[in-house]
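# kindly return the folded structure for what I paste below:
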Amino acid sequence: MPTIRIDNEVWTWLQGHARPFEDTPNSVLRRFAGLDKPDDRNFAQNPAVPRASTPRNAQKSPGRRTGGRSRYSGRVYSGLSGRQLNEEWGVRASHPLFHKDGTYYNHLQYFPGALFDFNGYVVFKSEEEYRASPHLKHGQQLHVPGGIASMPDYVRMRKPR
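Residues are numbered from 1 along each chain as shown. Okay, here's the model as predicted:
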């Protein structure tokens, strides 16, 4: 295969558009160039490459999403991901995360960031807004007592396909 050289700005752009634990620089470029069918994207074909929204020293924790699927206790639920809902609902978040109940998430790393559940989402425009929210409990994972639907800025949407 040919080797190409890119500058830091292009590398940062690639990282910002990569799916955690799924994409390679080549797969990001193929997706943006329209060379892949949606069914062509799966975890087995794309080796794990850290992206900007996943710290390089982060350890995999129970419930972490892989392969574009939402996981909870190791079981796959509905195949939904924050990325899919972000695109379908036109939210335009840089870091979208999904949880079926809207109660537990990995931490947002890039902003604007959004937390999704089956019925809607909450957007945080900045890290300061995210850290200052009285509705979030920041621990090893992000906990939202009562779920994101109980938050005042929750946007209710139609159920995803």
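
# quick one, strands of this structure?
Along the chain, counting by DSSP state E, strands occupy 71-72, 75-76, 95-98, 104-105, 113-116, 120-124, 137-138, 142-143, 155-156.

# report the strands that pair with the fourth one, each with its relative direction.
In its sheet, strand 104-105 lies beside strand 142-143 (antiparallel), with partners assigned from DSSP bridges.

# contact partners of the partner strand?
Contact partners of strand 142-143, identified using C-beta atoms under 8 Å, 6 or more residues apart in numbering, comprise 103-108, 115, 136-137. (Each C-beta comes from the backbone N, C-alpha and C, glycine too.)

# cutoff 7 Å now
Contacts to strand 142-143, defined as C-beta atoms under 7 Å, 6 or more residues apart in numbering, come from residues 103-107, 136-137.

# do stretch 108-121 as well
So stretch 108-121 is contacted by 52-53, 82, 85-86, 89, 91, 93-102, 105, 122-127, 130, 147-149, 154-157, 159-160 (C-beta under 7 Å, 6+ apart).

# cool, and stretch 148-155?
By C-beta under 7 Å, 6+ apart, stretch 148-155 touches 102, 115, 117, 119-122, 135.

# if you set the cut-off to 6 Å instead, what comes out?
102, 115, 117, 120-122, 135 (C-beta atoms under 6 Å, 6 or more residues apart in numbering).

# show the buried residues in those.
102, 115, 117, 120-122 (16 or more other C-beta atoms under 10 Å).

# which one of the residues you listed is nearest Arg19?
Comparing the buried ones among the contacts of stretch 148-155 against Arg19 with C-beta to C-beta places Leu115 closest, at 17.3 Å.

# just the pLDDT for that closest one.
Model confidence at Leu115, expressed as pLDDT, equals 96.

# now swap in the one 4 residues further on and tell me
We note a pLDDT of 91 for Asn119 in this prediction.

# what about it, distance to Leu85?
10 Å (C-beta to C-beta, to the nearest Å).

# more neighbours: the two, which one.
For Asn119 versus Leu85, neighbours defined as other C-beta atoms under 10 Å are more numerous around Leu85 (24 against 16).
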